[in-house]
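Chemist: Here is a sequence with its predicted model. Questions after.
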Amino acid sequence: MQKQLTMLEKVACKENIERAFYACLRGKRGKFSPQSAFVKLDHLVEVLHVNILKGENYPWGKYKEFYVSDPKRRLISSAPFIDRVVHRAIYDVLAPELDMFLINNSFACRVGLGNGRAVIKLHEIIKGKDFYYAVKLDVRKYFSSISHGRLLGKINAVLSDHSLIGLIKGLLVSHPVNKNGVGLPLGNLTSQIFSNFYLKDIDCYLMKKTNGNYVRYMDDFIFITSTKDEALSILKEVLKIGKNEKLKFPKGKIVWIKNCGIPFLGFLVTREDIRPLNRNKRRHDSKIRTKEKNGYLMSEVAMSKQSYLAWENYPKGSTR
């Protein structure tokens, strides 16, 4: 009889590590670090196999950091290539287990979903309503606020096999800023599934109280009710749950919308249609002008235009 592998052993499985390596290599074959790793792949797989089985004592490397602005300025933490292979190996084993506990109306960082599907779902919710209140919520510095202890407790509660917890613990404190037990680095693949899973209790509450009239994309929440009193009651409980989860919903980011278009993920969603917000059109036009001014090839400019049109038209197609 073949031995049943633990989750840690599945992550450390050499075939899983090799698949993770090739996934991380996509689009990076010309860069030095992945190339050097590729040359000694067999040795790398063996070393990672041994180190992953150390669990909490896995030797995580040092992050590099840089800022991106599109449009909000964010600090991105980039782990060494070898560690990103381990992130992928963990993700490929853990994500399917945690995803089973996520609601259907949570759309970020999940296979077959995404922001276009989230916008379409919101349109489907409101298009048949004669009157509604929409409440938009946004968590303040969400990734920086996630409690490691609460996250590990949630993961422990749903996994029958706890062999992977030590490795996850080590990963959570692998960034110096997060050694106090709070926060996830923006840039880690594993941060996506952890941050999604962390909100499952709020998701379940809102799905039940709104009869499914709720959509979430990462830390952007929208719920729909038929009366203001109902919305106030639900909001009060959400803020209470958020406080227990060590999360803050700033008053300035709680938006009330009464029976009109809802701005969401770059689109204005109404009963009748879905269209891009004007600021996104202006940002796109500005980028195109900058590329043309800086002498980009016509083919590169055309690709940027085509990419924007694909983004613009994907959710709009659902209203036709």
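Modeler: Noted; the coordinates are in hand.
Chemist: mean confidence score for the helix or strand containing residue 288?
Modeler: Using DSSP states H and E, residue 288 falls within helix 278-293. For helix 278-293, mean pLDDT is 73.
Chemist: Report the buried residues of it.
Modeler: 280, 283, 284, 288, 291 (16 or more other Cβ atoms under 10 Å). Bear in mind the C-beta positions are built from the backbone N, C-alpha and C, glycine included.
Chemist: next one: stretch 168-176
Modeler: Across stretch 168-176, burial judged by 16+ other Cβ under 10 Å covers 168, 170, 171, 172, 173, 174, 175.
Chemist: do stretch 93-103 as well
Modeler: Buried residues in stretch 93-103 (16+ other Cβ under 10 Å): 93, 94, 95, 97, 98, 102, 103.
Chemist: so the last one makes contact with residue 205?
Modeler: No - in terms of Cβ atoms under 8 Å, residue 103 does not count as a neighbour of residue 205; the distance is 10.4 Å.
Chemist: Name the residue closest to the centre of this structure, please.
Modeler: For the chain, the residue sitting closest to the mean C-alpha position, by Cα atoms, centre = their mean, is residue 192 at 3.9 Å.
Chemist: Now do the contacts for residue 49.
Modeler: 12, 13, 14, 17 (Cβ atoms under 8 Å, 6 or more residues apart in numbering).
Chemist: swap in residue 242?
Modeler: Residue 242 neighbours (Cβ under 8 Å, 6+ apart): 139, 202, 248, 249.
Chemist: How about the contacts made by the first one?
Modeler: Going back to what we said before, that points to residue 139. Taking Cβ under 8 Å, 6+ apart, one finds 145, 219, 242, 247, 248, 249 in contact with residue 139.
Chemist: For it, give its distance to residue 218.
Modeler: Counting by Cβ to Cβ, to the nearest Å, the gap from residue 139 to residue 218 is 9 Å.
Chemist: following the helix-or-strand element of the chain with minimal mean pLDDT, which helix or strand comes up?
Modeler: Within the chain, no helix or strand scores below helix 32-39, which has a mean of 63 by mean pLDDT, DSSP states H and E. Counting by DSSP H and E, the next helix or strand C-terminal to helix 32-39 is helix 41-52.
Chemist: So which residues of the stretch 151-300 of the chain form strands?
Modeler: With DSSP state E, counting those that start in this stretch, the ranges of strands along the stretch 151-300 of the chain come out as 214-217, 220-225, 255-258, 262-264, 267-269, 274-276.
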